[in-house]
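Student: Using only what follows, build the 3D model:
(2 chains)
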Protein chains: 2
Amino acid sequence: MSDTSDSAVRLYIDQHRDTFLSDLAEWLRIPSVSAQPEHAGDVRRSAEWLAAALAETGFPVTEVWPTPGAPAVYAEWPAEDSSAPTVLVYGHHDVQPAAREDGWDSDPFEPLFRDGRLYARGAADDKGQVFFHTLGVRAHLAATGRTAPAVTLKLLIEGEEESGSPHFRALVEEHADRLAADVVIVSDTGMWSETTPTVCTGMRGLAECEIRLDGPDQDIHSGSFGGAVPNPATVAARIAGALHDADERVTIPGFYDGITPLSPAERELFAELPFDEKSWLSTAHSHATLGESGYTTLERIWARPTAEVNGIGGGYQGPGGKTIIPSSATLKLTFRLVAGQDASAVEVAVSRWVADRVPAGIRYDIAFTGSTRPCLTPLDHPALRSVVRSMSRAFDGQKIRFTREGGSGPAADLQDVLGAPVLFLGISVPSDGWHAPNEKVEVDLLLKGVETAAHLWDDLATALS
Amino acid sequence: MSDTSDSAVRLYIDQHRDTFLSDLAEWLRIPSVSAQPEHAGDVRRSAEWLAAALAETGFPVTEVWPTPGAPAVYAEWPAEDSSAPTVLVYGHHDVQPAAREDGWDSDPFEPLFRDGRLYARGAADDKGQVFFHTLGVRAHLAATGRTAPAVTLKLLIEGEEESGSPHFRALVEEHADRLAADVVIVSDTGMWSETTPTVCTGMRGLAECEIRLDGPDQDIHSGSFGGAVPNPATVAARIAGALHDADERVTIPGFYDGITPLSPAERELFAELPFDEKSWLSTAHSHATLGESGYTTLERIWARPTAEVNGIGGGYQGPGGKTIIPSSATLKLTFRLVAGQDASAVEVAVSRWVADRVPAGIRYDIAFTGSTRPCLTPLDHPALRSVVRSMSRAFDGQKIRFTREGGSGPAADLQDVLGAPVLFLGISVPSDGWHAPNEKVEVDLLLKGVETAAHLWDDLATALS
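Tutor: Numbers count the residues shown, from 1 in each chain, chains lettered A, B, ... in the order given. Sure thing, here's the model as predicted:
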């Protein structure tokens, strides 16, 4: 953690940055789109390419792990000291679909360096952020004169994240022994902005729910029968329309039970971020904010649970009108959960509340189709302090602030199955355009990711021992 | 109105029933499906066939009236006495689509007589009920020795009723002078049952409304943004879900303004009908009744206004889930109206009420896409008494009871444009299967329709003079 070490890391990175970037560009040329069956071969090729690159980096163990879908890559580099802590890095090598005609200014699978940016599908999400760990660990070894990392380093880079990680939990359960770690570092998130480096400290959980309501056995005439029989579309609307009260609080009894309240310190940390509502709304493609009374927008998306209507449908939706009482309606709801909430308890509460709202004559089915736990790293966790210190060194001593992530991810499965705390290390910024045309990564930030990773293993070895 | 006249009418009908039925069968062979462009020629052929049949019946004026869609047929037979009242009969010559594979036991356009029934598309809706007026007026002349009917008889038989009568009002407005009448008889409804002959005394009106709600400019991630921006699907649900209170009364302020209340006498008449909830539910393909507190099922569908969700849609409706806040949602609502309600006032009330429910950040558009006035014949109207008397004679002195129709129809345009009261004369029964496979008409009832029509013109001439 000395200035000498910092200079040595920077020197090494400077000497190897060109090779690093051209290797990454080679990987980005493989269109590993997991959602498109015609790219299944490319996703496999991407896994093999990465395994080879990790072997060349020096990982003594590199394996391609098959799943019923796309393969994951596993690599392991034991520490010299067998009592050193173990760190598991998570990322993914598959990418979102992309085509020139979606609005790309250049071929999404022909990486382009321009004005300090690298444009390509996967540049930020997530190949760039996986790949910074290769040069990172090499710089760590070069700067410290070690032949193996200060921690036992494991990498699990999945191939189906952009397809909803359907086989990920099973994969982690199958290999739980080999994946065992003291801490998990997820490199698949971002920072507040180019000028405000941040560490993410948690993600919301998720409970998914689908409700089907059946009324008349067929669509019936709303003139002949309207006003005298229950209408399943009306019932669906009553359920979805009653999810929130006038303060936009979720009305389901028990929904907020057990929540770890936001501490005044955390609220202050959120408030320190240079939040600009106008630019946030532009990112949200939205025209006004609306949410739970008593909380700021950042608190609402990061630290408060929600009930959201993802889809509602019933009856006639074509052009013009049709005077029917529809025979059925459906409702797709998701609930975002925060630390302290229990997905199963939420599911029970939702079921009871829905049951109370379905009148006689409407048959219904409610299915909970999946849940993900929330994860949250306490601000005083020693591993989190290590990430903050390492990042601050890479960012020239800048203060590192904290964010959270409103979404939910497979990180929670790692926390669940492996019983290890999950931390986040990412250098991507909102302008990188994840899932959008002209995805890019800022080359300077990518190298700061390398630098952070180069500092992290020594720091963690000390902090966790 | 003598027994002699009754016998003469029956004799004439007996002598001509076979020709009448075989002529009707010939007309039913023409597949005049107005909703299917490939049958446009058949609808024209049906109009020409009917015009020729009416000419043969004796109508001195028969014309095919073109519209931008399918043609209507107009016929006129002036009374001998130029001071006699004028009656306009309304019906339609187009039919619903039908195909053997929909579940028909025989070809829908190859009429089949079996067990006292005539099976064919259009047998009851509406060719059979139009056609009974041909033999009806002939029997009237034969029994009374007249050479022209006791009233000036006009027929307007449209060709687009099964396609929503898109050009009907314009047609009526264009020909308002020629269509002028003291009373309109609509022969396009039915009776309570084979054993309970009834006259319909009114139809509900209708106001149609479509609401589009736009939130984010594109679907956005419900994890990243959920809980902090308004969701148009939730807003649509809140609107549709708030239409009714716990008593199933419509909550929109002013909605019930001006309604002519149901009189105790009318409620008693409804209550006299042999209503069986179980069999009504089976007709409604429904599993329970639900409606405005304080009213019976028949009162709810015939005499009370409604707000009904015909369609609601927003967000993801495919298999599985999708964690989005949708960019838009739509809502299709119809309001059934009863006598005393004003469609324009209802539209204004709905607009205001919806406006109050749309939060900042959601842009919306509300369109009222059409309205139909309610129509209601007072129970003591002399023309209604004529219909009841004529029907009672045809039905061997049985008591004729009263129903209403929950639906809405072009009859209201006739009432509106011509300023004439609308009465209903139909002999179809619920088991006839309008719009369904194996549509049929009971031949005995069809002939009672002929008989009623044969008595009606004399009775009306006296009652209205």
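Student: Only C-alpha atoms from now on, for both contacts and neighbour counts.
Tutor: Noted.
Student: Below-threshold pLDDT in the stretch 351-465 of chain A: ranges please.
Tutor: Across the stretch 351-465 of chain A, nothing is flagged by pLDDT under 70.
Student: and it, which residues reach chain B?
Tutor: A:360, A:361, A:362, A:369, A:405, A:406, A:407, A:408 (Cα under 8 Å from any Cα of the partner chain).
Student: same thing but at 7 Å, please
Tutor: Applying Cα under 7 Å from any Cα of the partner chain, we find that the stretch 351-465 of chain A lies next to chain B at A:360, A:361, A:405, A:406, A:407, A:408.
Student: I'd assumed residue A:206 was in contact with the last one.
Tutor: Spelled out, that is residue A:408. Yes - here residue A:408 reaches residue A:206: they are 6.4 Å apart, a contact under Cα atoms under 7 Å.
Student: how long is stretch A:356-373 from one end to the other?
Tutor: 27 Å (Cα to Cα, to the nearest Å).
Student: And that stretch, how far out from the chain middle?
Tutor: 27 Å (Cα atoms, centre = their mean, to the nearest Å).
Student: now swap in stretch A:379-386 and tell me
Tutor: 20 Å.
Student: What residues sit buried inside it?
Tutor: Buried residues in stretch A:379-386, defined by neighbour count with 16 or more other Cα atoms under 10 Å in any protein chain shown: A:383, A:384, A:386.
Student: quick one: which of the residues you listed is nearest chain B?
Tutor: Nearest to chain B, judged by Cα to the nearest Cα, of the buried residues of stretch A:379-386 is residue A:384 at 22.5 Å.
Student: Checking the closest one next. Helix, strand or coil?
Tutor: helix (DSSP: H, G, I helix; E, B strand; the rest coil).
Student: Repeat that for residue A:26.
Tutor: helix.
Student: Neighbours of it, how many?
Tutor: 14 (other Cα atoms under 10 Å in any protein chain shown).
Student: got it, and residue A:112?
Tutor: 15.
Student: neighbours around the nearest residue to it once chain neighbours are set aside, how many?
Tutor: Nearest non-adjacent residue to residue A:112, counting by Cα to Cα, 6 or more residues apart in numbering or on different chains: residue A:119, 5.1 Å away. Close neighbours of residue A:119, defined as other Cα under 10 Å, add up to 29.
Student: Could you measure from residue A:119 over to residue B:31?
Tutor: The gap separating residue A:119 from residue B:31 is 63 Å, by Cα to Cα.
Student: before we move on, back to that, list the residues that contact both of residue A:408 and residue A:206?
Tutor: Both residue A:408 and residue A:206 are contacted by residue A:372, under the criterion Cα atoms under 7 Å, 6 or more residues apart in numbering or on different chains.
Student: Distance-wise, check the residue nearest the centre of chain A relative to residue A:371.
Tutor: The structure's chain A has its C-alpha centroid closest to residue A:409; by Cα atoms, centre = their mean the separation is 4.4 Å. Note on residue A:409: its distance to residue A:371, by Cα to Cα, is 10 Å.
Student: Could you dump the residues of the stretch 351-465 of chain A next to chain B into CSV with secondary structure and neighbour count added?
Tutor: Output for these, formatted as CSV (DSSP: H, G, I helix; E, B strand; the rest coil; neighbours: other Cα atoms under 10 Å in any protein chain shown):
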residue, secondary structure, neighbour count
A:360, coil, 13
A:361, coil, 18
A:405, strand, 23
A:406, coil, 29
A:407, coil, 22
A:408, coil, 23
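Student: Take the residues you listed and write them to CSV, including distance to residue B:338.
Tutor: Formatted as CSV, these follow (distance: Cα to Cα, whole Å):
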residue, distance to residue B:338
A:360, 27
A:361, 26
A:405, 54
A:406, 50
A:407, 50
A:408, 52
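Student: Tell me which residues of stretch A:281-301 come out buried.
Tutor: A:281, A:284-292, A:296-301.
Student: which of the residues you listed are close to chain B?
Tutor: Within the buried residues of stretch A:281-301, those near chain B by Cα under 7 Å from any Cα are A:284, A:285, A:286, A:287, A:288, A:289, A:290, A:291, A:297, A:300, A:301.
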